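In: how would this look folded up:
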Amino acid sequence: MSIDPIGFIGLGNLGTPIARNLIQAGRSLRVYNRTKSKTVPLVEAGAVEAGSVEEMARDCPLVISLVSDDQALDAITRGPSGLSAVMPPGAIHLSLSTVSPRISGELHDLHRVRGSHYVAAPVLGRPEAAVRKDLVFCVAGDPVAKKILEPLWPDLGGSSVRDFGPIPSHANVVKLCVNFMLASMVESASEAFALARSHEVDPEELFQLLGAGIFNTPAFKNYGRMILDRKFQPASFTVTLGLKDISLVLEAARDKPVSMEQAKVVRDRLEQSVRKGRGAWDFSAFSLIAGEGGFGN
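Out: Numbering: from 1, shown residues only. This is a model prediction of the structure:
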């Protein structure tokens, strides 16, 4: 099955470099975004702008979506003009979004009834990783559809693909687990640095010790440096989006139920950050709360 032309919906901070990767790989690309101005650089690079989601669904055997939340994904997929209604039998909707396991399951069922495929492949990596073609995709969905998609991952900028089976929502659970652990690391590091500073210990020395030893990981080094330098702008992933993700973590935990007290702490820190006017700052900016006296400030 040919997957060209490929449709791409959602040209945000991460979607734009991924779409550009497809163009650079020689793929025939159709792009759509609610904010039309975001399509201009990609059209100039060789993409074709689609007039609507419906038009894209009719023209493309594969449509990739990378939108901000459950509501946006639902809006482009449901309804008489949505992807699930218009895509022909056998077509594939590849969702790269960080969304709830619940919506992923619902849309999988909806596509299956209509004869098309829904594959979830949430992305691990920031925009700069997309430019370096160093993204990790967590993939789950129909085995036949995944087989068709195999040649695509390097073209998207993937350096690694992890398969989590035939149930799309499992990939979304994995992504939420990863984001929760990253957020917990930011919280732990910010508390540790605040404690060191309160006792007149240089937090930079603590960071160097940890980064050279048991926390010698890119994630700790990158976020630890941002925390120490307080470099939170420009943001490639915002506090507001981080709050959305941790809220999804807690929603998924309530459905089972699973106790996730650390996630509640992080959610409170993120909510405080939004109230302080930092919603558009980098996600790691919630680390400031620990040094500002903690909860209630």
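In: how about the strands of the stretch 51-200 of the chain, start to end?
Out: All strands of the stretch 51-200 of the chain, identified by DSSP state E, counting those that start in this stretch, fall at 62-65, 92-95, 117-120, 123-124, 135-139, 158-163.
In: Give the buried residues for the third one.
Out: Of all the residues in strand 117-120, those buried under the rule 16 or more other CB atoms under 10 Å are 117, 118, 119, 120. Heads up, the C-betas are built off the backbone N, CA and C, glycines and all.
In: follow-up on the earlier one: how about the strands of the stretch 51-200 of the chain in CSV, adding distance to residue 201 and mean pLDDT?
Out: Below are the strands of the stretch 51-200 of the chain laid out as CSV (distance: least, CB to CB, whole Å; pLDDT from 0 to 100):
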stretch, distance to residue 201, mean pLDDT
strand 62-65, 47, 98
strand 92-95, 46, 98
strand 117-120, 44, 98
strand 123-124, 33, 96
strand 135-139, 35, 98
strand 158-163, 37, 97
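In: hey, which of those strands is tucked in deepest?
Out: Comparing the strands of the stretch 51-200 of the chain by mean neighbour count (mean count of other CB atoms under 10 Å), strand 92-95 comes out on top with a mean of 28.
In: ok, now how distant is residue 33 from residue 292?
Out: Distance, residue 33 to residue 292, using CB to CB, to the nearest Å: 37 Å.
In: Check residue 160 too.
Out: Spatial separation of residue 160 from residue 292 under the definition CB to CB is 37 Å.
In: Can you pull the poorly scored residue ranges out of the chain?
Out: Residue ranges of the chain with pLDDT under 70: 1, 293-297.
In: Quick one: residues contacting the spatially most central residue of it.
Out: Of all residues in the chain, the one closest to the mean position by CA atoms, centre = their mean is residue 98, 4.5 Å from it. Residues counted as contacts of residue 98 (CB atoms under 8 Å, 6 or more residues apart in numbering) are 122, 123, 172, 175, 176, 179, 244, 245, 248.
In: For those residues, which entry has the maximal number of neighbours?
Out: When the contacts of residue 98 are compared by neighbour count (other CB atoms under 10 Å), residue 172 ends up highest, at 28 neighbours.
In: Pretty sure that one sits against residue 107.
Out: No. Between residue 172 and residue 107 there is no contact, the gap being 10.7 Å when judged by CB atoms under 8 Å.
In: Check the buried residues of strand 117-120 and tell me the two furthest apart.
Out: Maximum pairwise distance in those, criterion CB to CB, is 10.8 Å, between 117 and 120.
In: and for these two, which residues touch both?
Out: residue 141.
In: circling back: quick one: the strands of the stretch 51-200 of the chain as CSV, columns for distance to residue 275 too.
Out: CSV is the format used below for these (distance: least, CB to CB, whole Å):
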stretch, distance to residue 275
strand 62-65, 31
strand 92-95, 31
strand 117-120, 32
strand 123-124, 29
strand 135-139, 32
strand 158-163, 36
